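**Student:** Sequence and predicted structure, then a few things I'm wondering about:
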Amino acid sequence: MKSNVKKWCILLFSAFMVMCFSGMANAEDYQANYMAKVKQNNDTIGVIAGVINYVCPKLVPDADKICNPKDPVGSAVGVQKYMEKDWDREEDDIEDNLPELLNEDAALQFWDAVEQFKLHFSYRETAKKLAAEKKWHDAFLNEEMAFQYLVKCASRGIFAKKIVDNE
């Protein structure tokens, strides 16, 4: 009888140790996953910036006043503000009162891309706070959510590029 109790105690202790060490491994995995996702998101933003710089001058008249290759995010916001200048958000869809555009279909895709891009900021901010608290799992999940919005943004941006290139 004592032999069985001893075996069960060793087995339970072993199982407990495996659970403890696997939990530590998961925490380390989430930290590594978080760091990898941060890099992926930063790289994705770099690609998005390139698309903005390419597409922006092909959307609005007098683009040199709006598009600035050194500030792609500012350029994107500038295009969006230009498109929204006659828009009554309470009354109309954006398509109802568009100003003169060089390519309306591409501009609408671009506008939507900027909207998607805006949504990623809060998730990245939350992720940084959680990482500072070493809450790696939640930090990773927030970076992953930011990535989803960046992918939507990139997709719309690529659609805009294809439209201006007549592809």
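**Tutor:** In hand now; what should we look at?
**Student:** Which residue ranges of this protein form helices?
**Tutor:** When assigned using DSSP state H, the helices of the chain occupy the ranges 2-55, 72-84, 104-132, 136-164.
**Student:** Columns distance to residue 64 on top of the ones you listed, output as a markdown table?
**Tutor:** For glycine as for every other residue, the C-beta is placed from the backbone atoms N, C-alpha and C. Shown next, in a markdown table, are the helices of the chain (distance: least, CB to CB, whole Å):
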| stretch | distance to residue 64 |
| --- | --- |
| helix 2-55 | 13 |
| helix 72-84 | 11 |
| helix 104-132 | 17 |
| helix 136-164 | 17 |
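**Student:** closest one to residue 65 among those helices?
**Tutor:** Shortest separation from residue 65 across the helices of the chain is recorded for helix 72-84, at 8.2 Å, computed as CB to CB.
**Student:** could you check the angle helix 136-164 makes with that closest one?
**Tutor:** Using axes from the mean of the first three to the mean of the last three CA atoms, to 10 degrees, one finds that helix 72-84 and helix 136-164 are set 60 degrees apart in direction.
**Student:** Next, the buried residues of helix 72-84.
**Tutor:** Buried residues in helix 72-84, counting neighbours by 16 or more other CB atoms under 10 Å, are found at 72, 75, 76, 78, 79, 80, 82, 83.
**Student:** Export the helices of the chain as CSV, with columns for mean pLDDT and distance to residue 65.
**Tutor:** Converted to CSV, these look like this (pLDDT from 0 to 100; distance: least, CB to CB, whole Å):
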stretch, mean pLDDT, distance to residue 65
helix 2-55, 72, 15
helix 72-84, 93, 8
helix 104-132, 96, 16
helix 136-164, 96, 19
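**Student:** now, among the buried residues of helix 72-84, which is nearest to residue 148?
**Tutor:** Once CB to CB is applied, the member of those that ends up nearest residue 148 is residue 76, at 18.7 Å.
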